[in-house]
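Colleague: Any chance you could fold what I've pasted below:
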Amino acid sequence: QVQLVESGGGLVQAGGSLRLSCAASGRTFSSYAMGWFRQAPGKEREFVAAISWNGRDTSYADSVKGRVTISRGTTKNTVYLQMNSLKPEDTAVYYCAAKNYLVGAPGPLHMYDYWGQGTQVTVSS
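Modeller: Here you go, the predicted structure:
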């Protein structure tokens, strides 16, 4: 059974940092690109960042570019999202996702195969 489990969310003041983690299990994810999405209350889920299966390519939403870094662990089954200079508008539930994809980092419109349950990030002003 495939599972994606996010962790690292919490409450932080504006300007602060958080590092989200996603641990994938249930299969080998060496050929899977990984992505982060978020959904704020009353809004649609939106793309945040993605990383290719080998960690060499990344893509970011314009709203987080320069403040967020996505990376993969050495085992390829873990993905991280380092978020700096957080703003109140970054408040959302953050979801990890995996996609069987070998052509770089997926863009925001790609469909993903597996999803985690999400972790709450709250940024206070």
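Colleague: only C-alpha atoms for contact and neighbour calcs from this point on.
Modeller: Will do.
Colleague: How about the residue nearest in space to the middle of the chain, nearest residue that isn't a chain neighbour?
Modeller: By CA atoms, centre = their mean, the chain has its centre lying nearest to residue 36, at 2.2 Å. Computed as CA to CA, 6 or more residues apart in numbering, the closest residue to residue 36 that is not its neighbour in sequence is residue 96, at 4.7 Å.
Colleague: Ok, residue 98 next?
Modeller: residue 34 (4.5 Å).
Colleague: Show me the beta-bridge partners of that neighbour.
Modeller: Beta-bridge partners recorded for residue 34 (DSSP bridges): residue 51, residue 98.
Colleague: For residue 44, see how far away it is.
Modeller: To residue 44, residue 34 is 20 Å away according to CA to CA, to the nearest Å.
Colleague: Spit out the contact partners of the closest residue to residue 39 other than its chain neighbours.
Modeller: Nearest residue to residue 39 in three dimensions, chain neighbours excluded: residue 45, at 4.2 Å (CA to CA, 6+ apart). Going by CA atoms under 8 Å, 6 or more residues apart in numbering, residue 45 touches 37-39.
Colleague: Over to residue 15?
Modeller: Contact analysis of residue 15 by CA under 8 Å, 6+ apart lists 84-87.
Colleague: Contacts only, for the residue nearest to residue 98.
Modeller: Counting by CA under 8 Å, 6+ apart, residue 34 touches 50-53, 79, 96-99.
Colleague: helix, strand or coil for residue 111?
Modeller: coil (DSSP: H, G, I helix; E, B strand; the rest coil).
Colleague: Skipping its backbone neighbours, what lies nearest it in space?
Modeller: Among residues not flanking residue 111 along the chain, residue 99 sits closest, at 7.4 Å (CA to CA, 6+ apart).
Colleague: again, but for residue 13
Modeller: Distance criterion CA to CA, 6+ apart; nearest residue to residue 13, sequence neighbours excluded, is residue 124 at 4.8 Å.
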